[in-house]
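Trainee: structure of the sequence below:
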Amino acid sequence: MDTIASLFSFITWPVSWVIVQFHKLYGAIFGPDTGWAWGLSIVSLVVLIRICLIPLFVKQIKSTRNMQLLQPKMKAIQERYKSDKQRQSEEMMKLYKETGTNPLSSCLPILAQSPFFFALYHVLSAIASNKKIGVIDQSLLDSARQAHIFGAPLAAKFMDSAEKVDALGASLTDVRVVTAIMIVMMSASQFFTQRQLMTKNVDLTVKTPYMQQQKMLMYIFPLIFAVMGINFPVGVLVYWLTTNVWTMGQQMYVINQNPTPGSKAQEQYLGRLLKSVTAHGEVRGRTRRNTVKRIVAKGPDRNDIERKFVVGLAKLGLAPQEDGTVAKSDTAVAEAEGGAAQRRQQPKRQTKSQRQTGAAHQGGAKDGDSDESETKTSLQKSTARDDKSKPAGKSASGSSRQAKSGQRKGPQRPKHPSKK
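Mentor: Numbers count the residues shown, from 1 in each chain. Here you go, the predicted structure:
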């Protein structure tokens, strides 16, 4: 870690200068040698860096969403050019260029703050070694070495020896307890941030390998930070915990105000927006009007959540407009009621077993009807033959007696004289 940090030694001067300026401010309030003064200086450094990285964070969000939307097309390209890796790469780059997507944009915030992270690590390592660095002179160095956060010096590490911790004026138990708690909090915040992204701000209608990768990172990243954290000074743990909390809050704000289409967060957001329109009769806020404007612009390409929102407006007698507002519309009410009535009239979909049982009953009924009709027809035919075969003036009893005696029905021909 020291070798990597030395590569960013060129930025240690501005990092140390920023920390010293914040230390002057907080030192006047809490005292120059306190852990609050130096700890809050590191927290303020994080906040300043993250404010400067907000444009990159916005670009990261757009890139992540574009990557989610492009996953089906990317999968189709991989299957189509499975045996030609070069053509596959060319088609991928062409797709990125057409959609304006940069796969590396999702890593920009982390890459951009890495130099500051390693520069801060280099500064704290120099403080632990009692070496002047950047604008930190001997008096500031002595003040920083005396600063403790809950009994742990800023420059102490979890893996430090007891002798090194004693030289910083602390006990090994205090250092390990404080660092362990901070490592757990750092890993937990990283896990919660990734889990929040996966469960709320992902389009659940699209199942792609990208989602599986993100799910794996949700478990891998916290483990990586936990392993690396035992080699971080307390000041660096303060830095990284602060940046994780900032990322979590920033992401929570984005999810609540500008969720990914088709996600659970969008369903919750449009539900809140519908309640607001119901209460006030209008769309309040520029962000909400922009949301309605995007839904109107999509037209028939809206997802199920957005269509449900439009139907909800129609039930209130309102129709979304192109400028993001809503207006009274009797047509919208009629369409909503007509659509609801049409949905009510649609028969309930049967299961496979129910369809098979119904078909069997219908088949049995048809067979029964055909047998009954055939029976009726045969009876009618036999009755007709009997009526024709009955001679005039003879009763039914005589016909039955003749049938029993074996004589032929109907008029008999006279016998030949020779046979009498």
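
Trainee: show me the contacts for Leu217.
Mentor: Gln194 (C-beta atoms under 8 Å, 6 or more residues apart in numbering). Where C-beta positions appear, they are placed from N, C-alpha and C, glycine not excepted.

Trainee: what of the one 4 residues further on?
Mentor: Residues touching Phe221, when contacts are defined by C-beta under 8 Å, 6+ apart, comprise Gln190, Phe191, Gln194.

Trainee: could I get the CA-only coordinates of whichever strand or helix holds it as CSV?
Mentor: Assessed by DSSP states H and E, Phe221 sits inside helix 209-229. C-alpha atoms of helix 209-229 as CSV (Å, rounded to 0.1, in the frame of the first residue of the first chain):
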residue,chain,number,x,y,z
PRO,A,209,-26.0,-11.2,-17.1
TYR,A,210,-25.3,-7.6,-16.1
MET,A,211,-27.7,-7.9,-13.1
GLN,A,212,-26.0,-11.1,-12.0
GLN,A,213,-22.6,-9.4,-12.1
GLN,A,214,-23.9,-6.5,-10.0
LYS,A,215,-25.4,-9.0,-7.6
MET,A,216,-22.0,-10.7,-7.2
LEU,A,217,-20.3,-7.3,-6.6
MET,A,218,-22.8,-6.6,-3.9
TYR,A,219,-21.1,-9.4,-1.8
ILE,A,220,-17.5,-9.1,-3.2
PHE,A,221,-16.9,-5.4,-2.6
PRO,A,222,-17.7,-5.4,1.1
LEU,A,223,-15.3,-8.4,1.6
ILE,A,224,-12.5,-6.6,-0.3
PHE,A,225,-12.9,-3.4,1.8
ALA,A,226,-13.0,-5.5,5.0
VAL,A,227,-9.7,-7.2,4.1
MET,A,228,-8.0,-4.0,3.0
GLY,A,229,-9.4,-2.1,6.0
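
Trainee: how about the secondary structure of the closest residue to Gln321 other than its chain neighbours?
Mentor: Distance criterion C-beta to C-beta, 6 or more residues apart in numbering; nearest residue to Gln321, sequence neighbours excluded, is Ala327 at 5.6 Å. What DSSP: H, G, I helix; E, B strand; the rest coil gives for Ala327 is strand.

Trainee: circling back to that earlier point, so which of the contacts of Phe221 is surrounded by the most neighbours?
Mentor: Neighbour counts for the contacts of Phe221 (other C-beta atoms under 10 Å) peak at Gln190, which has 23 neighbours.

Trainee: mind checking how far the nearest residue to that residue once chain neighbours are set aside is from Gln321?
Mentor: Nearest-residue entry for Gln190: Pro222, 4.8 Å, with adjacent residues in sequence omitted and distances by C-beta to C-beta, 6+ apart. Note on Pro222: its distance to Gln321, by C-beta to C-beta, to the nearest Å, is 46 Å.

Trainee: more neighbours: the two, which one.
Mentor: Pro222 (21 against 15).

Trainee: ok, now which ones touch Leu53?
Mentor: Listed by C-beta under 8 Å, 6+ apart, the contact set of Leu53 reads Pro109, Ala112, Gln113.

Trainee: just among those, which is most surrounded?
Mentor: Pro109 (21 neighbours).

Trainee: doesn't Gln60 make contact with it?
Mentor: Yes - using C-beta atoms under 8 Å, Pro109 and Gln60 qualify as a contacting pair, with a distance of 5.7 Å.

Trainee: show me the contacts for the residue nearest to Gln321.
Mentor: By C-beta under 8 Å, 6+ apart, Ala327 lies in contact with Leu318, Ala319, Gln321.

Trainee: which of the residues you listed fall in strands?
Mentor: Taking DSSP state E, the ones among those that sit in strands are Leu318, Ala319.

Trainee: just put the contacts of Ala327 in TSV and tack on pLDDT and distance to Met92.
Mentor: As requested, those are arranged in TSV below (pLDDT from 0 to 100; distance: C-beta to C-beta, whole Å):
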residue	pLDDT	distance to Met92
Leu318	90	44
Ala319	90	42
Gln321	90	39
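
Trainee: in CSV: the contacts of Ala327, plus distance to Gly299.
Mentor: Formatted as CSV, the contacts of Ala327 follow (distance: C-beta to C-beta, whole Å):
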residue, distance to Gly299
Leu318, 18
Ala319, 13
Gln321, 14
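
Trainee: nearest to Met74, of the contacts of Ala327?
Mentor: Nearest to Met74 among those is Gln321, at 36.1 Å by C-beta to C-beta.

Trainee: okay if I get the contacts of Leu53 as JSON lines plus pLDDT, secondary structure and distance to Gly299?
Mentor: Compiled in JSON lines, the contacts of Leu53 are given as follows (pLDDT from 0 to 100; DSSP: H, G, I helix; E, B strand; the rest coil; distance: C-beta to C-beta, whole Å):
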{"residue": "Pro109", "pLDDT": "70", "secondary structure": "helix", "distance to Gly299": "34"}
{"residue": "Ala112", "pLDDT": "77", "secondary structure": "helix", "distance to Gly299": "38"}
{"residue": "Gln113", "pLDDT": "76", "secondary structure": "helix", "distance to Gly299": "41"}
